[in-house]
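Chemist: From the sequence below, what's the structure:
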Amino acid sequence: MNKFSERKESKDAITIQNLTKRYGKKRGVNNLSLCVEKGDIYGFLGPNGAGKSTTIRSMLGLLRFQEGSIRIFGMDVEKNSREVLRKIGYMPSEAMFYPSMRAKEVIRLAADMRGLDCRREAAMLCERLLVEPEKRIEELSLGNRKKISIVCAMQHKPPLFIFDEPTSGLDPLMQAEFFKLILEYNEQGTTCFLSSHVLSEIKKYCRHAAIIKGGELICSDTVENLTKSNAKHVRMIRDGAEEDFMYQGSLNELFAGFAGHNIEDITIEEPGLEEIFMNYYEKECVSQLSNEKETEKEG
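Modeler: Got it, this is the predicted structure:
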């Protein structure tokens, strides 16, 4: 191993190189590579079915992949699975537990399986997230089951959190508390890998992010660069007709163009994830076509 590799591994919490996972003839993930530095809050963006969960399950050793490699804190996930899992707090997209168990029993079982005494941290988390420890799982809503899943993932204070669509089912107050906890743990050095299709979460809390579609990485960069856009999504009812369009330019000029029209309703907002994602996707397609044309000319 050369010195460059040693330096790189020492600063990366996650290193994925050329990951390919096939399901029969279909590819769940194709030739995906990304790095997450220690101490980062990293967003993993994409619509449902993009390959986010496949990537995460491969990182945890829950899926066997055909090509590529994954290293967590420099350790190969296939060769060092036990050591890797000790360093991870994982929260799946679906919170499923034994229905007859009480919340406190599930939380204690998760700690016991790691051979750790997490009672103090678990109590703090339950208080912050308003978990009802005596309630049975079968009595709880999706949101309350998700809160138990958060406690199970965080209570042993691992150096790496991996969360798959963590806020679905949580009410806005609990979403805010969840991210407050992430920021507090992150200040203590914890790295967070956050899979989501909610752009606002990624923009507000993550420093770097990757965009994935159809199992392929479209781009990765700082969140600031990825979401930098002057475009606005405008929905309005003008002169009795509904209009829905993307606008890029001065808002003063936009409003000036409304003079003499009857504006019954208008909403102006930042583009959604899908719109930003499609923008990157279309750029990638154009780039590929240009490269193919250049190759044909050279041939």
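Chemist: What separation is there between the residue nearest the centre of the chain and E37?
Modeler: Central residue of the chain (C-alpha atoms, centre = their mean): S195, 1.7 Å from the mean position. Separation of S195 from E37 (C-beta to C-beta, to the nearest Å): 18 Å. C-betas here are computed from N, CA, C, even on glycine.
Chemist: And F258, by the same measure?
Modeler: Distance from F258 to E37, by C-beta to C-beta: 46 Å.
Chemist: Now the element after the worst-scoring helix or strand of the chain on mean pLDDT, going C-ward?
Modeler: Between all helices and strands in the chain, the lowest mean by mean pLDDT, DSSP states H and E belongs to helix 3-11, at a mean of 47. Per DSSP states H and E, the first helix or strand lying C-terminal to helix 3-11 is strand 12-23.
Chemist: How far off centre is that following strand?
Modeler: 15 Å (C-alpha atoms, centre = their mean, to the nearest Å).
Chemist: Give me the buried positions along that strand.
Modeler: 12-16, 19-21 (16 or more other C-beta atoms under 10 Å).
Chemist: for stretch 172-179, same thing?
Modeler: By neighbour count on 16+ other C-beta under 10 Å, the buried set for stretch 172-179 is 174-175, 177-179.
Chemist: can you list contacts of that stretch?
Modeler: Identification of contacts with stretch 172-179 by C-beta atoms under 8 Å, 6 or more residues apart in numbering yields 128-130, 143, 147, 150, 166-167, 170, 201, 204-205.
Chemist: Would you point out the most distant pair within those residues?
Modeler: L130 and K204 (21.9 Å; C-beta to C-beta).
Chemist: related to what we said a few turns ago, for the buried residues of stretch 172-179, please prepare a markdown table with the additional fields secondary structure.
Modeler: Listed next are those as a markdown table, based on DSSP: H, G, I helix; E, B strand; the rest coil:
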| residue | secondary structure |
| --- | --- |
| M174 | helix |
| Q175 | helix |
| E177 | helix |
| F178 | helix |
| F179 | helix |
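Chemist: give me phi/psi at P166?
Modeler: phi -70, psi -30 (degrees, to the nearest 10).
Chemist: Run a quick neighbour tally on it.
Modeler: Per other C-beta atoms under 10 Å, the neighbour tally for P166 reads 27.
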